[in-house]
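**Student:** Mind folding the following:
(one chain, ligands or ions: 1)
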Amino acid sequence: MTTVTITSLTKTYPNQPAPVLKDFSLSVNDGEMVALLGPSGSGKSTLLKLITGIERPDSGDIQFDGASILKVAPNQRGAVLMFQKSYLFPFLTVEDNIGFGLKVQGASSQTIRAEVKRMLDLIGLPGIERRRPGQLSGGEGQRVALARALVTNPKLLLLDEPLSSLDTEVRLNLQEAIRNIQRELGVTTIFVTHDLGEAMAMSDRMALLLNGEIVAVDKPEALYHRPRSVAAARFMGVSTFLSGDPLHVQNEACTSSQKVFAIRPEHIRVQSEGCAESLPGVVSDCVFRGEYIEYQVAVNGASVRARMSMPAPTFPHGAQVFVKFPREKLFEVAS
Ligand code: ADP
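**Tutor:** Take a look at the predicted model:
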(Lines give C-alpha, C1' and ligand atoms only; values in the text may rest on other atoms or scores of the structure.)
Protein backbone atom coordinates (compact mmCIF):
# COMPACT_ATOMS: atom_id res chain seq x y z
CA MET A 1 0.00 0.00 0.00
CA THR A 2 1.18 3.45 -0.86
CA THR A 3 1.40 7.02 0.33
CA VAL A 4 1.84 9.52 -2.50
CA THR A 5 3.59 12.84 -1.91
CA ILE A 6 3.66 15.41 -4.68
CA THR A 7 5.80 18.44 -3.93
CA SER A 8 6.05 21.78 -5.76
CA LEU A 9 5.42 20.24 -9.15
CA THR A 10 5.70 22.68 -12.07
CA LYS A 11 5.15 21.72 -15.70
CA THR A 12 5.43 23.84 -18.84
CA TYR A 13 4.73 22.30 -22.25
CA PRO A 14 7.22 23.13 -25.03
CA ASN A 15 6.55 26.47 -26.76
CA GLN A 16 3.97 27.46 -24.14
CA PRO A 17 4.39 30.82 -22.40
CA ALA A 18 3.16 29.73 -18.97
CA PRO A 19 3.25 26.57 -16.88
CA VAL A 20 0.07 24.42 -16.80
CA LEU A 21 0.87 23.24 -13.27
CA LYS A 22 2.34 25.76 -10.86
CA ASP A 23 4.01 24.70 -7.63
CA PHE A 24 1.48 21.90 -7.21
CA SER A 25 1.65 20.00 -3.92
CA LEU A 26 -0.67 17.23 -2.72
CA SER A 27 -0.39 14.25 -0.40
CA VAL A 28 -2.58 11.19 -0.74
CA ASN A 29 -2.65 8.86 2.24
CA ASP A 30 -2.39 5.11 2.08
CA GLY A 31 -5.72 3.71 0.84
CA GLU A 32 -7.25 7.13 0.38
CA MET A 33 -9.37 8.26 -2.59
CA VAL A 34 -8.70 11.89 -3.49
CA ALA A 35 -10.83 13.54 -6.17
CA LEU A 36 -9.10 16.17 -8.26
CA LEU A 37 -11.85 18.54 -9.36
CA GLY A 38 -11.30 21.23 -11.94
CA PRO A 39 -12.72 22.69 -15.14
CA SER A 40 -11.46 21.59 -18.53
CA GLY A 41 -7.91 22.81 -19.14
CA SER A 42 -7.02 23.23 -15.46
CA GLY A 43 -4.17 20.69 -15.65
CA LYS A 44 -5.77 17.50 -14.30
CA SER A 45 -4.65 15.17 -17.09
CA THR A 46 -1.21 16.74 -17.05
CA LEU A 47 -0.81 15.73 -13.42
CA LEU A 48 -1.72 12.13 -14.27
CA LYS A 49 0.74 12.16 -17.18
CA LEU A 50 3.50 13.32 -14.83
CA ILE A 51 2.68 10.59 -12.32
CA THR A 52 2.62 7.84 -14.96
CA GLY A 53 5.78 9.16 -16.63
CA ILE A 54 4.23 10.11 -19.98
CA GLU A 55 5.47 13.66 -19.28
CA ARG A 56 8.34 15.01 -17.17
CA PRO A 57 8.03 18.00 -14.79
CA ASP A 58 10.21 21.14 -15.00
CA SER A 59 10.75 20.91 -11.24
CA GLY A 60 9.32 19.37 -8.09
CA ASP A 61 9.05 15.75 -7.02
CA ILE A 62 6.63 12.82 -6.88
CA GLN A 63 7.26 10.21 -4.20
CA PHE A 64 5.68 6.86 -3.48
CA ASP A 65 6.28 5.89 0.15
CA GLY A 66 9.01 8.49 0.46
CA ALA A 67 11.01 7.46 -2.63
CA SER A 68 11.06 9.61 -5.78
CA ILE A 69 9.62 7.89 -8.83
CA LEU A 70 10.79 10.49 -11.36
CA LYS A 71 13.78 8.40 -12.41
CA VAL A 72 11.81 5.13 -12.41
CA ALA A 73 10.71 3.87 -15.86
CA PRO A 74 6.99 4.49 -16.48
CA ASN A 75 6.11 0.78 -16.60
CA GLN A 76 7.93 0.16 -13.32
CA ARG A 77 6.20 2.85 -11.27
CA GLY A 78 3.18 0.81 -10.29
CA ALA A 79 0.65 3.51 -11.23
CA VAL A 80 -2.20 2.35 -13.45
CA LEU A 81 -4.51 4.62 -15.38
CA MET A 82 -8.16 4.09 -16.28
CA PHE A 83 -9.76 6.38 -18.85
CA GLN A 84 -13.18 7.55 -19.97
CA LYS A 85 -13.06 4.87 -22.68
CA SER A 86 -12.20 1.35 -21.63
CA TYR A 87 -9.62 0.73 -24.40
CA LEU A 88 -10.04 -3.04 -24.05
CA PHE A 89 -8.34 -5.13 -26.75
CA PRO A 90 -11.35 -5.87 -29.01
CA PHE A 91 -9.99 -9.18 -30.34
CA LEU A 92 -9.20 -10.65 -26.88
CA THR A 93 -11.70 -12.26 -24.52
CA VAL A 94 -12.57 -10.61 -21.20
CA GLU A 95 -10.31 -13.16 -19.49
CA ASP A 96 -7.34 -12.32 -21.72
CA ASN A 97 -7.98 -8.60 -21.36
CA ILE A 98 -8.03 -8.75 -17.57
CA GLY A 99 -5.14 -11.21 -17.39
CA PHE A 100 -2.96 -9.26 -19.83
CA GLY A 101 -0.82 -7.51 -17.21
CA LEU A 102 -0.21 -10.74 -15.29
CA LYS A 103 0.77 -12.51 -18.50
CA VAL A 104 3.31 -9.78 -19.27
CA GLN A 105 4.71 -10.30 -15.76
CA GLY A 106 5.11 -14.02 -16.54
CA ALA A 107 2.41 -15.42 -14.22
CA SER A 108 1.30 -19.01 -14.80
CA SER A 109 -1.97 -19.64 -16.64
CA GLN A 110 -3.38 -21.21 -13.46
CA THR A 111 -2.63 -18.06 -11.46
CA ILE A 112 -4.03 -15.85 -14.20
CA ARG A 113 -7.28 -17.85 -14.35
CA ALA A 114 -7.72 -17.66 -10.58
CA GLU A 115 -6.93 -13.94 -10.44
CA VAL A 116 -9.28 -13.15 -13.33
CA LYS A 117 -12.05 -15.04 -11.56
CA ARG A 118 -11.35 -13.13 -8.35
CA MET A 119 -11.48 -9.81 -10.23
CA LEU A 120 -14.72 -10.72 -12.05
CA ASP A 121 -16.34 -11.57 -8.72
CA LEU A 122 -15.07 -8.27 -7.32
CA ILE A 123 -16.55 -6.20 -10.17
CA GLY A 124 -19.85 -8.08 -9.96
CA LEU A 125 -19.62 -9.79 -13.36
CA PRO A 126 -18.82 -13.44 -12.60
CA GLY A 127 -18.75 -15.91 -15.48
CA ILE A 128 -18.16 -13.54 -18.40
CA GLU A 129 -14.60 -14.78 -19.10
CA ARG A 130 -15.32 -15.87 -22.67
CA ARG A 131 -17.11 -12.72 -23.81
CA ARG A 132 -15.44 -10.16 -26.06
CA PRO A 133 -15.50 -6.39 -25.48
CA GLY A 134 -18.02 -5.93 -28.32
CA GLN A 135 -20.50 -8.00 -26.29
CA LEU A 136 -20.31 -5.74 -23.23
CA SER A 137 -22.40 -2.66 -22.37
CA GLY A 138 -20.59 0.63 -21.65
CA GLY A 139 -20.82 0.09 -17.90
CA GLU A 140 -19.64 -3.54 -18.13
CA GLY A 141 -16.72 -2.44 -20.31
CA GLN A 142 -15.65 0.05 -17.64
CA ARG A 143 -15.93 -2.59 -14.92
CA VAL A 144 -13.69 -4.90 -16.95
CA ALA A 145 -11.25 -2.03 -17.53
CA LEU A 146 -11.17 -1.49 -13.77
CA ALA A 147 -10.47 -5.19 -13.21
CA ARG A 148 -7.67 -5.06 -15.75
CA ALA A 149 -6.16 -2.05 -13.99
CA LEU A 150 -6.36 -3.62 -10.54
CA VAL A 151 -5.32 -7.21 -11.29
CA THR A 152 -1.60 -6.46 -10.98
CA ASN A 153 -2.05 -4.99 -7.51
CA PRO A 154 -0.93 -1.45 -8.42
CA LYS A 155 0.53 0.99 -5.90
CA LEU A 156 -1.65 3.79 -7.21
CA LEU A 157 -4.89 3.81 -9.20
CA LEU A 158 -5.47 6.85 -11.40
CA LEU A 159 -9.00 7.37 -12.72
CA ASP A 160 -9.33 9.93 -15.52
CA GLU A 161 -13.04 10.78 -15.86
CA PRO A 162 -13.89 7.05 -16.09
CA LEU A 163 -17.65 7.58 -15.93
CA SER A 164 -18.10 10.58 -18.22
CA SER A 165 -19.40 8.67 -21.22
CA LEU A 166 -22.04 6.66 -19.31
CA ASP A 167 -25.69 7.54 -18.81
CA THR A 168 -26.94 8.56 -15.39
CA GLU A 169 -28.15 5.29 -13.93
CA VAL A 170 -25.13 3.27 -15.00
CA ARG A 171 -22.95 6.08 -13.81
CA LEU A 172 -24.46 6.11 -10.32
CA ASN A 173 -24.13 2.32 -10.09
CA LEU A 174 -20.51 2.47 -11.11
CA GLN A 175 -19.73 5.30 -8.71
CA GLU A 176 -20.83 3.04 -5.91
CA ALA A 177 -19.08 -0.03 -7.33
CA ILE A 178 -15.75 1.74 -7.83
CA ARG A 179 -15.92 3.25 -4.36
CA ASN A 180 -16.67 -0.13 -2.75
CA ILE A 181 -13.93 -1.93 -4.68
CA GLN A 182 -11.43 0.81 -3.91
CA ARG A 183 -12.25 0.58 -0.20
CA GLU A 184 -12.20 -3.21 -0.18
CA LEU A 185 -8.77 -3.37 -1.80
CA GLY A 186 -7.51 -0.30 0.05
CA VAL A 187 -5.80 0.96 -3.08
CA THR A 188 -4.57 4.55 -3.01
CA THR A 189 -6.49 6.42 -5.71
CA ILE A 190 -6.55 9.78 -7.49
CA PHE A 191 -9.82 10.38 -9.27
CA VAL A 192 -9.99 13.15 -11.86
CA THR A 193 -13.36 14.69 -12.62
CA HIS A 194 -15.04 17.96 -13.51
CA ASP A 195 -18.30 16.81 -11.86
CA LEU A 196 -18.84 18.20 -8.36
CA GLY A 197 -21.50 15.62 -7.39
CA GLU A 198 -19.30 12.76 -8.46
CA ALA A 199 -16.27 14.13 -6.62
CA MET A 200 -18.30 14.54 -3.42
CA ALA A 201 -19.92 11.10 -3.68
CA MET A 202 -16.72 9.21 -4.27
CA SER A 203 -13.83 10.81 -2.44
CA ASP A 204 -12.36 10.91 1.05
CA ARG A 205 -10.95 14.33 0.21
CA MET A 206 -11.28 16.71 -2.71
CA ALA A 207 -8.55 18.88 -4.24
CA LEU A 208 -9.88 21.87 -6.19
CA LEU A 209 -7.69 22.79 -9.16
CA LEU A 210 -7.93 26.08 -11.06
CA ASN A 211 -5.45 27.16 -13.73
CA GLY A 212 -2.83 24.69 -12.55
CA GLU A 213 -3.00 25.72 -8.90
CA ILE A 214 -4.69 24.09 -5.93
CA VAL A 215 -7.39 26.33 -4.49
CA ALA A 216 -8.37 24.09 -1.55
CA VAL A 217 -8.05 20.52 -0.27
CA ASP A 218 -10.45 19.10 2.30
CA LYS A 219 -13.18 16.59 3.04
CA PRO A 220 -16.26 16.98 0.79
CA GLU A 221 -18.53 17.97 3.71
CA ALA A 222 -16.13 20.65 4.90
CA LEU A 223 -15.70 22.13 1.44
CA TYR A 224 -19.43 22.01 0.83
CA HIS A 225 -20.53 23.71 4.04
CA ARG A 226 -17.54 25.95 4.75
CA PRO A 227 -15.30 26.69 1.78
CA ARG A 228 -12.73 29.22 3.00
CA SER A 229 -12.20 31.35 -0.08
CA VAL A 230 -14.35 32.88 -2.81
CA ALA A 231 -12.63 30.63 -5.39
CA ALA A 232 -13.29 27.45 -3.37
CA ALA A 233 -16.90 28.53 -2.73
CA ARG A 234 -17.52 29.01 -6.46
CA PHE A 235 -16.27 25.47 -7.09
CA MET A 236 -18.81 24.23 -4.56
CA GLY A 237 -21.77 25.89 -6.29
CA VAL A 238 -21.88 29.15 -4.31
CA SER A 239 -22.44 32.24 -6.45
CA THR A 240 -23.69 34.80 -3.95
CA PHE A 241 -21.31 36.88 -1.88
CA LEU A 242 -22.16 39.76 0.43
CA SER A 243 -20.11 42.47 2.05
CA GLY A 244 -20.44 45.74 3.98
CA ASP A 245 -22.68 47.01 6.72
CA PRO A 246 -25.53 46.97 5.84
CA LEU A 247 -24.82 43.93 3.71
CA HIS A 248 -24.94 44.26 -0.05
CA VAL A 249 -24.74 41.57 -2.69
CA GLN A 250 -21.87 41.16 -5.12
CA ASN A 251 -21.06 38.67 -7.85
CA GLU A 252 -17.46 39.68 -8.37
CA ALA A 253 -14.68 39.16 -5.83
CA CYS A 254 -14.44 42.17 -3.55
CA THR A 255 -11.25 44.24 -3.82
CA SER A 256 -11.79 46.34 -0.71
CA SER A 257 -10.71 45.31 2.77
CA GLN A 258 -14.31 44.61 3.83
CA LYS A 259 -15.20 41.16 5.08
CA VAL A 260 -16.84 38.95 2.45
CA PHE A 261 -19.59 36.49 3.33
CA ALA A 262 -20.91 33.63 1.25
CA ILE A 263 -24.21 31.76 1.38
CA ARG A 264 -25.30 28.53 -0.30
CA PRO A 265 -28.19 28.86 -2.81
CA GLU A 266 -30.41 26.47 -0.80
CA HIS A 267 -30.23 28.80 2.21
CA ILE A 268 -31.43 31.90 0.36
CA ARG A 269 -35.23 32.51 0.56
CA VAL A 270 -37.34 34.32 -1.99
CA GLN A 271 -40.48 35.80 -0.37
CA SER A 272 -43.16 38.40 -0.84
CA GLU A 273 -42.62 40.20 2.51
CA GLY A 274 -39.53 42.15 3.52
CA CYS A 275 -37.73 41.57 6.85
CA ALA A 276 -34.55 42.60 8.64
CA GLU A 277 -32.40 40.11 6.77
CA SER A 278 -33.85 40.73 3.30
CA LEU A 279 -33.12 42.93 0.30
CA PRO A 280 -35.62 43.84 -2.45
CA GLY A 281 -35.16 42.30 -5.88
CA VAL A 282 -36.81 41.38 -9.17
CA VAL A 283 -37.21 37.79 -10.37
CA SER A 284 -35.29 37.34 -13.62
CA ASP A 285 -35.70 33.59 -13.94
CA CYS A 286 -37.70 30.83 -12.29
CA VAL A 287 -37.12 27.17 -13.20
CA PHE A 288 -39.12 24.27 -11.80
CA ARG A 289 -36.81 21.29 -11.24
CA GLY A 290 -39.13 18.82 -9.51
CA GLU A 291 -37.70 18.70 -5.99
CA TYR A 292 -36.93 22.39 -5.95
CA ILE A 293 -37.43 25.71 -7.73
CA GLU A 294 -34.40 27.63 -8.84
CA TYR A 295 -34.70 31.42 -8.89
CA GLN A 296 -32.44 34.07 -10.32
CA VAL A 297 -33.20 37.39 -8.69
CA ALA A 298 -31.65 40.75 -9.60
CA VAL A 299 -30.62 42.43 -6.33
CA ASN A 300 -28.71 45.75 -6.43
CA GLY A 301 -27.49 45.02 -9.95
CA ALA A 302 -26.14 41.58 -9.00
CA SER A 303 -27.75 38.24 -9.76
CA VAL A 304 -28.68 35.99 -6.83
CA ARG A 305 -29.35 32.29 -7.33
CA ALA A 306 -31.73 30.74 -4.79
CA ARG A 307 -32.74 27.11 -4.65
CA MET A 308 -35.98 26.56 -2.72
CA SER A 309 -37.13 23.04 -1.99
CA MET A 310 -40.75 22.16 -2.67
CA PRO A 311 -43.30 23.17 -1.63
CA ALA A 312 -42.06 26.67 -2.40
CA PRO A 313 -43.83 29.92 -3.37
CA THR A 314 -43.86 30.59 -7.10
CA PHE A 315 -43.11 34.06 -8.42
CA PRO A 316 -43.27 34.86 -12.12
CA HIS A 317 -40.55 36.51 -14.15
CA GLY A 318 -40.50 40.23 -13.30
CA ALA A 319 -42.12 39.85 -9.86
CA GLN A 320 -41.01 42.27 -7.12
CA VAL A 321 -39.79 40.11 -4.23
CA PHE A 322 -37.61 40.16 -1.14
CA VAL A 323 -34.56 37.96 -0.90
CA LYS A 324 -33.72 36.78 2.59
CA PHE A 325 -30.17 35.91 3.59
CA PRO A 326 -30.49 34.28 7.05
CA ARG A 327 -27.55 35.55 9.11
CA GLU A 328 -26.82 32.18 10.68
CA LYS A 329 -26.25 30.73 7.20
CA LEU A 330 -23.65 33.32 6.16
CA PHE A 331 -20.00 32.32 6.44
CA GLU A 332 -16.92 34.42 5.95
CA VAL A 333 -14.60 33.70 3.01
CA ALA A 334 -11.23 35.10 2.03
CA SER A 335 -11.55 37.17 -1.14
P1 ADP B 1 -7.54 19.06 -18.00
O2 ADP B 1 -7.21 17.60 -17.89
O3 ADP B 1 -7.82 19.69 -16.66
O4 ADP B 1 -8.61 19.35 -18.99
P5 ADP B 1 -4.95 19.29 -19.28
O6 ADP B 1 -3.93 18.86 -18.31
O7 ADP B 1 -5.34 18.33 -20.35
O8 ADP B 1 -6.23 19.83 -18.51
O9 ADP B 1 -4.44 20.62 -20.02
C10 ADP B 1 -4.01 21.78 -19.31
C11 ADP B 1 -3.53 22.82 -20.31
O12 ADP B 1 -2.36 22.33 -20.97
C13 ADP B 1 -4.54 23.11 -21.41
O14 ADP B 1 -4.48 24.50 -21.67
C15 ADP B 1 -4.01 22.32 -22.58
O16 ADP B 1 -4.35 22.95 -23.80
C17 ADP B 1 -2.51 22.33 -22.36
N18 ADP B 1 -1.85 21.12 -22.91
C19 ADP B 1 -2.14 19.83 -22.61
N20 ADP B 1 -1.32 18.98 -23.24
C21 ADP B 1 -0.48 19.74 -23.98
C22 ADP B 1 0.63 19.47 -24.87
N23 ADP B 1 1.03 18.21 -25.11
N24 ADP B 1 1.26 20.53 -25.44
C25 ADP B 1 0.88 21.80 -25.18
N26 ADP B 1 -0.15 22.13 -24.36
C27 ADP B 1 -0.82 21.13 -23.77
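
**Student:** For the ligand, what's its nearest residue on the stretch 51-200 of the chain.
**Tutor:** The stretch 51-200 of the chain approaches the ligand most closely through Val192 (6.8 Å), counting by Cβ to the nearest ligand atom. In short, each C-beta sits where N, CA and C put it, glycine included.

**Student:** which residues in the stretch 101-250 of the chain form helices?
**Tutor:** Here the stretch 101-250 of the chain has its helices, by DSSP state H, counting those that start in this stretch, at 109-122, 138-150, 168-185, 196-202, 220-225, 230-235.

**Student:** Report whether the fourth one contacts the ligand.
**Tutor:** Right, helix 196-202. No. Helix 196-202 lies apart from the ligand when judged by Cβ under 6 Å from any ligand atom; the minimum separation is 13.2 Å.

**Student:** The residue of the stretch 51-200 of the chain closest to the ligand pairs with what?
**Tutor:** Leu36, Asp160 (DSSP bridges).

**Student:** before we move on, back to that, which one of the helices of the stretch 101-250 of the chain is the most hemmed in?
**Tutor:** Mean neighbour count (mean count of other Cβ atoms under 10 Å) peaks for helix 138-150 among those, with a mean of 22.

**Student:** other SSEs contacting it?
**Tutor:** Under the contact criterion of 3 or more Cβ pairs under 8 Å, 6 or more residues apart in numbering; DSSP states H and E, helix 138-150 touches strand 79-82, helix 94-104, helix 109-122, helix 168-185.

**Student:** average model confidence for the second one?
**Tutor:** If I follow you right, that is helix 94-104. If you average the pLDDT over helix 94-104, you get 95.

**Student:** ok and it relative to helix 138-150, angle-wise?
**Tutor:** 20 degrees (axes from the mean of the first three to the mean of the last three Cα atoms, to 10 degrees).

**Student:** neighbouring contacts of helix 94-104?
**Tutor:** Helix 94-104 is contacted from outside by 88-89, 92, 107, 111-113, 115-116, 119-120, 128-133, 136, 144, 147-148, 151-152, using Cβ atoms under 8 Å, 6 or more residues apart in numbering.
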